[in-house]
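Peer 1: predicted model and sequence follow; I will ask about them next.
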Amino acid sequence: MIRSFASFFLLAGLLTAEPADWLITARYVVAMDGNRRVIENGAVAVRGDRIVGVGTATDLAKRFQAAQRLDEPEAILSPGLINTHGHAPMVLFRGIADDMRLQDWLEKFIFPAEARNVTPEFVRWGTRLACAEMLLSGTTTHTDMYYFEEVVAEVTKECGMRGVLGQTIIRFPVPDAKTPADELKRTESFFQRFADDPLITPAVAPHAVYTNDDSVLQSCRRLADKYQAPLLIHLSETKKENDDLLAQRGMTPTALLDKLGVLNGRTLAAHCIWLTDSDIATLKARGTGIAHCPSSNTKLASGVAPVMKMLAAGIPAALGTDGPAGSNNDLNLFEEMDLAAKLQKVTTMDPRALDARQAFEMATINGARALGLEREIGSVELGKRADLILVSLREPNAEPLYNVYSQLVYALKGADVEHDMVNGRWVVRDRKVLTLNVREVLAKAEQFRKSISQSLSSPQ
């Protein structure tokens, strides 16, 4: 009789439990929700592409009947990291030219290399290599600005990543178009092809104020608004950019964009180093997101962005790696968090500036806010997309652990990421990319290295 009653209650519990595809448990769940909860012995339930439960492992085990479980008692579960600025295919130019000024790097090396080598296949294999690197270091969403962006989108989907992907608009002929008008036509086709895609958010990406005419910048804004899409742009990356425009037109790049109406809509501006207080007020008023790229800005000696002023103003300042061709050389947001925090401390001479929690916010929920995706990603909350990572606590650099945010920003590394889930689908398990043949990608990258080297040594 006792056994019968026990069986009855067990069956009743199963019948009333909510279904889930996955129940994932971890030593800590770092939610990045409005209360910034850190749940010890926490768990997340996933059904389809959405998070349907967040709480303690004990509570969720009672509430959900999961088809599958992943138990990681020595790991941190957090939102996937969000890279808000990059040029993914340029990974095939990694190390091609280093230790020089931005204009020299672009004009003497990058632009010629692109003219001789960038094709759809270059973009395809470069994006595969970049996505593998990002996934293995915990990035589940990347933001891109390059050529043949439809190919970047195809590969991003193939890899199971999320992407906010911008077709580049620039004044001079480039590998996928001869004029800005051609580029705008390509962008509109791109918008139409990937409309309502669950992983891809198409964007228009005018390169910068100094590489586009006013009318083209305004056309980009109109096109973005027509499709309710983001506009991505480099802004005030160097002192020269600011000084030149002040001399020529008597205003900063931000002031010019505002005068032209380009900031009146969903916009993400990359770098934003040489901003005035007036510029910061303008970007706040227009709701512009900012991608701070500390490694790129230091490596190119461009300067240090006034991140603390941005955050104090309430601007969604996030993190980006920039391109891996020499302005950074890798795509690791763990490095960007660490460096971003330390740069603010040393430039303000205040060790309290940009604390570890703020730095982790920049890589997660602030990244979502900067891209206008905060209702979908950036935190571990009910109803949001299941974009999750699990970071191992088994290595020596993980112990002892007193503060989870401190550990994530200053001690743990991209190489400690063990598992990635994007949109409810595992794309990395036990540090193996499930969506790519990484060995094949590496072999192809070596083939491109040889052909690129030959193209640069041959007279054109």
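Peer 2: Good, I have the coordinates.
Peer 1: residue 60 reaches residue 51, doesn't it?
Peer 2: No - here residue 60 does not reach residue 51: they are 11.1 Å apart, not a contact under Cβ atoms under 8 Å. From N, CA and C alone the C-beta is placed, and that goes for glycine too.
Peer 1: please enumerate the shared neighbours of those two.
Peer 2: Shared contacts of residue 60 and residue 51, defined by Cβ atoms under 8 Å, 6 or more residues apart in numbering, comprise 44, 45.
Peer 1: residue 259 - how many residues pack around it?
Peer 2: Using other Cβ atoms under 10 Å, residue 259 has 12 other residues around it.
Peer 1: any idea how far it is from residue 323?
Peer 2: 29 Å (Cβ to Cβ, to the nearest Å).
Peer 1: and for residue 58?
Peer 2: For residue 58, the distance to residue 323 - Cβ to Cβ - is 46 Å.
Peer 1: per-residue confidence at residue 456?
Peer 2: Residue 456 is assigned a predicted lDDT (pLDDT) of 82.
Peer 1: mind jotting down where the helices sit in the stretch 1-150 of the chain?
Peer 2: Along the stretch 1-150 of the chain, the segments classed as helices by DSSP state H, counting those that start in this stretch run 2-16, 57-63, 102-104, 111-117, 120-136, 149-159.
Peer 1: most packed of these?
Peer 2: Across the helices of the stretch 1-150 of the chain, averaging neighbours per residue (mean count of other Cβ atoms under 10 Å) puts helix 120-136 on top, at a mean of 24.
Peer 1: tell me what that one is packed against?
Peer 2: Secondary-structure packing of helix 120-136 (3 or more Cβ pairs under 8 Å, 6 or more residues apart in numbering; DSSP states H and E): strand 139-146, helix 149-159, strand 425-429, strand 432-433, helix 438-457.
Peer 1: any chance you could map the helices in the stretch 201-350 of the chain?
Peer 2: Using DSSP H, counting those that start in this stretch, helices in the stretch 201-350 of the chain cover 214-226, 239-249, 253-260, 277-286, 294-299, 307-312, 333-348.
Peer 1: report the buried residues of the second one.
Peer 2: Neighbour counts over helix 239-249 (16 or more other Cβ atoms under 10 Å) mark 241, 242, 245 as buried.
Peer 1: again with the last one
Peer 2: Taking 16+ other Cβ under 10 Å as the neighbour-count basis, helix 333-348 is seen to contain the buried residues 333-345, 348.
Peer 1: confidence score at the nearest residue to residue 427 once chain neighbours are set aside?
Peer 2: Nearest in space to residue 427, with sequence neighbours left out and distances taken as Cβ to Cβ, 6 or more residues apart in numbering, is residue 160 at 3.9 Å. On pLDDT, residue 160 comes in at 98.
Peer 1: likewise for the one 3 residues further on?
Peer 2: Reported pLDDT at residue 163 in the predicted model: 98.
Peer 1: please name the bridge partners of it.
Peer 2: residue 142, residue 200 (DSSP bridges).
Peer 1: list the contacts of it.
Peer 2: Contacts of residue 163 (Cβ under 8 Å, 6+ apart): 141, 142, 143, 144, 152, 153, 156, 157, 199, 200, 201.
Peer 1: and the helices in the stretch 351-460 of the chain?
Peer 2: 356-363, 365-371, 404-406, 438-457.
Peer 1: separation between residue 340 and residue 234?
Peer 2: 18 Å.
Peer 1: er, residue 350 actually
Peer 2: Using Cβ to Cβ, we find residue 350 at a distance of 29 Å from residue 234.
Peer 1: which of the two has more neighbours?
Peer 2: Neighbour totals were compared for residue 350 and residue 234, and residue 234 leads with 24 against 11 (other Cβ under 10 Å).
Peer 1: who's in contact with that one?
Peer 2: Residue 234 neighbours (Cβ under 8 Å, 6+ apart): 207, 208, 269, 270, 271.
Peer 1: dump the residue contacts of residue 388.
Peer 2: Counting by Cβ under 8 Å, 6+ apart, residue 388 has contacts 24, 44, 46, 77, 78, 79, 80, 140, 380, 420, 421.
Peer 1: is it true that the fifth one touches residue 409?
Peer 2: Read that as residue 78. No - taking Cβ under 8 Å as the definition, residue 78 is not a contact partner of residue 409, at 11.5 Å.
Peer 1: ok, back up a step: and the two most separated of the contacts of residue 163?
Peer 2: 143 and 157 (15.3 Å; Cβ to Cβ).
Peer 1: before we move on, back to that, need the helices of the stretch 201-350 of the chain in CSV with distance to residue 453 and mean pLDDT, can you?
Peer 2: Below are these laid out as CSV (distance: least, Cβ to Cβ, whole Å; pLDDT from 0 to 100):
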stretch, distance to residue 453, mean pLDDT
helix 214-226, 35, 98
helix 239-249, 30, 96
helix 253-260, 36, 98
helix 277-286, 41, 98
helix 294-299, 22, 96
helix 307-312, 38, 98
helix 333-348, 27, 98
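Peer 1: pipe these into JSON lines and attach distance to residue 396 per row.
Peer 2: Supplementary listing: the helices of the stretch 201-350 of the chain in JSON lines, determined by distance: least, Cβ to Cβ, whole Å:
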{"stretch": "helix 214-226", "distance to residue 396": "47"}
{"stretch": "helix 239-249", "distance to residue 396": "42"}
{"stretch": "helix 253-260", "distance to residue 396": "45"}
{"stretch": "helix 277-286", "distance to residue 396": "41"}
{"stretch": "helix 294-299", "distance to residue 396": "25"}
{"stretch": "helix 307-312", "distance to residue 396": "31"}
{"stretch": "helix 333-348", "distance to residue 396": "16"}
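Peer 1: what pairs with the lengthiest strand in the chain, parallel or antiparallel?
Peer 2: Assignment by DSSP state E gives strand 64-79 as the longest strand of the chain. Partner strands for strand 64-79, per DSSP bridges, with pairing direction: strand 18-30 (parallel), strand 388-392 (antiparallel).
Peer 1: how about it: buried residues?
Peer 2: For strand 64-79, burial by neighbour count (16+ other Cβ under 10 Å) applies to 64, 65, 66, 70, 72, 75, 76, 77, 78, 79.
Peer 1: may I see those residues organised as CSV, with distance to residue 405 and pLDDT added?
Peer 2: Shown next, in CSV, are the buried residues of strand 64-79 (distance: Cβ to Cβ, whole Å; pLDDT from 0 to 100):
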residue, distance to residue 405, pLDDT
64, 28, 98
65, 33, 98
66, 29, 98
70, 23, 98
72, 19, 98
75, 16, 98
76, 10, 99
77, 14, 99
78, 10, 98
79, 13, 98
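Peer 1: and the residues you listed, which is closest to residue 29?
Peer 2: Checking the buried residues of strand 64-79 one by one against residue 29 (Cβ to Cβ), the nearest turns out to be residue 77, at 4.8 Å.
Peer 1: is it true that that closest one touches residue 30?
Peer 2: Yes - using Cβ under 8 Å, residue 77 is in contact with residue 30, at 7.0 Å.
Peer 1: quickly list what's touching both of these two.
Peer 2: Joint contacts of residue 77 and residue 30 (Cβ under 8 Å, 6+ apart) are residue 380.
Peer 1: show me where pLDDT drops low in this protein?
Peer 2: 1-15, 458-460 (pLDDT under 70).
Peer 1: would you map out the domains in it?
Peer 2: Split into domains by automatic domain parsing, the chain comes to 2-79+385-429, 101-371.
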